[in-house]
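[1] Got a predicted model here, sequence first, then my questions.
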Amino acid sequence: MQKKGRRGFSFSTSDKVKFLAGGIPGGELHVISTIKRPRDGDLFSPCISGVVILYFGRFLAMVRTSEARQIIVRSLHAGPQESCALSESYGRILATEVTAPLDVPGFDNSSMDGYAVRSDEIRSAGENSAVDLVLQDEIPAGEVPKTALNPKSAIRIMTGAPIPPGADAVVEQELADAKNGTVRVRGFVQAGRNIRLRGDDIRAGSVVLKKGRRLTPARVGVLASLGIERVDVFRKPKVALLTTGNELVDPSSLPGPGQIRNSNAVTLSGLIRESGCEVIDLGIARDDPEELGVRIRQGLKEDALITSGGVSVGRHDYVLRVLKAQGVEIKFWKVNMKPGMPFAFGILEGNSGRHVPVFALPGNAVSSIVTFLQLARYGLERLRGNEEATPLTLKAVLVEEIVKRDGKHHYVRGVARNENGTLIVQTTGSQSSALLTSLSMANCLIHVPEESRTLPKGSTVDIELI
Ligand code: AMP
Ligand code: MG
């Protein structure tokens, strides 16, 4: 290798050399391209004619996945709010906190089918020392006690029915028998037993849900129990989706020579919807700066734009330069991850305070999904106001070796399962970023962080369920 100035070295283009001087983190130089002349779309344009151009990969340009995610999340905030009927609110994000207008439950009630009693009257009850009480009445759920509990008496009570005045416990049905107007109690229960007190679950005036919480079925149920009929939620962001590539045809068409079916449009649409956003499908754009310009301009009218393909360093990868030409400020390009390295994130700062994020995803089927899951989705969740979306990893035992030689963060497709109480994980085989079936078989991504190299069989790894 021969030194040629600060950034250039001349050597064979297939080389990937260990960088020994300077202690650069990662310790590797990567040959990124062999550009002969400066190109408009190059972010760094460090071109020296006729010389192989090197970037000090992660040192100069690449961000770590965690940093990339932080940049995305910190740059974005929730959009406007709207009112939504509770019955339509599942999956939406609360825009204002909810305070309970009343206690839940609203009255003391029984948590068991059994007999409402005075606990001190059955203190001596046991298997061999039953206590007999007078069967006074019965209270089914939905009815109210007609009278208070008399001394030496029991009232049959169903789950959810109000506790009659005078009673302080419920003997579960299994500990008592009723026969001819007498209840024979065969066990003692303490005061308060089997009674759900008023306000046990929710106290009037307490905050039950905070702003930025996703309305899960249980949360919608809590709001229903409080009699809340409408909620303030953030508007669903409209996300434009543009797939790019001369080789692409619609899945319903027969591909011609050299063509392939566009699978990213459907996979990304699904992921965008799963992230609580609406998809505006802009179809397929050719690798042509003019056509891309028109479609991207259209996409920038929505709340966010996601593109797939054309963001790498190929001769026909125009997406970055077209974005820049449209005024999009690229916050970063290239993430130190595999698959998905050439991911870019930018923002169009519009005149009227409009702030449109752009996620430019690589075209490879697996790369586009993995970069969406690791990066873009956190941006969309942020846009829709979700303050709970954070990566969640579990520990699992690796049942095979994973070979890794570079300093990237690898996301390996895996299948995790429980074996005798231990979470174990194996890969789905070849990890080429074009093999969509290997991702379709996976139920998790195995993390192999930047600093890790080959992971031996039996090591404990972080996995993320997908
Ligand atoms: P690109 O990122 O444009 O260089 O594309 C990388 C690889 O992904 C190429 O093999 C493309 O044919 C493929 N690809 C790009 N876009 C799509 C798509 N929408 N659906 C399926 N494969 C795609
Ligand atoms: Mg392409």
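    Here it is on my side, so go on. Ligands and ions are numbered 1, 2, ... in the order given.

[2] From now on I want contacts and neighbour counts done on CA atoms only, so please keep to that.
    Will do.

[3] if I look at the residue lying farthest from the centre of the chain, how far off is ligand 2?
    Most distant from the centre of the chain: Asn180, at 59.5 Å, with distances by CA atoms, centre = their mean. Distance of Asn180 to ligand 2, given as CA to the ion, to the nearest Å: 84 Å.

[4] Please apply the same query to Glu82.
    39 Å.

[5] Please list the residues of the protein that sit near ligand 1.
    243-245, 262-265, 309-312, 362-365 (CA under 6 Å from any ligand atom).

[6] how about 8 Å then?
    By the rule CA under 8 Å from any ligand atom, the part of the chain lying against ligand 1 is 243-245, 247-248, 259-265, 284, 308-314, 317, 361-365, 434.

[7] circling back: any idea how far Arg297 is from the residue farthest from the centre of the chain?
    83 Å (CA to CA, to the nearest Å).

[8] Roughly how far does the most centrally placed residue in the chain sit from ligand 2?
    Per CA atoms, centre = their mean, the C-alpha nearest to the average position across the chain is that of Ala389, at 5.3 Å. Note on Ala389: its distance to ligand 2, by CA to the ion, is 31 Å.

[9] repeat for Lys408
    Taken as CA to the ion, the span from Lys408 to ligand 2 is 23 Å.

[10] Return the residues in contact with that residue.
    Contacts for Lys408 (CA atoms under 8 Å, 6 or more residues apart in numbering) come out as 336-338, 449-451.

[11] 10 Å - rerun?
    26, 58, 62, 64-65, 335-339, 341, 448-453 (CA atoms under 10 Å, 6 or more residues apart in numbering).

[12] Tell me the buried residues within these.
    26, 58, 62, 64-65, 335-339, 341, 448-450, 452-453 (16 or more other CA atoms under 10 Å).

[13] Sitting in strands, which of the residues of the chain next to ligand 1 do you find?
    Those of the residues of the chain next to ligand 1 mapping onto strands are 243-244, 248, 260-261, 284, 308, 361, per DSSP state E.

[14] Most neighbours among those residues, which one is it?
    For these, the largest number of neighbours (other CA atoms under 10 Å) sits with Leu361, at 30 neighbours.

[15] just to revisit the earlier point, overlap between the contacts of Lys408 and the residues near ligand 2?
    Residues of the contacts of Lys408 in contact with ligand 2 (CA under 5 Å from the ion): none.

[16] Tell me where the model's unsure across this structure.
    1-61 (pLDDT under 70).

[17] Outline the domain layout of it.
    1-61, 65-78+235-383, 84-104+201-234, 109-196, 394-465 (automatic domain parsing).

[18] Up against ligand 2, what does the chain have?
    245, 309-310.

[19] would JSON lines of those residues with neighbour count be doable?
    Formatted as JSON lines, these follow (neighbours: other CA atoms under 10 Å):
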{"residue": "Gly245", "neighbour count": "20"}
{"residue": "Gly309", "neighbour count": "24"}
{"residue": "Gly310", "neighbour count": "24"}
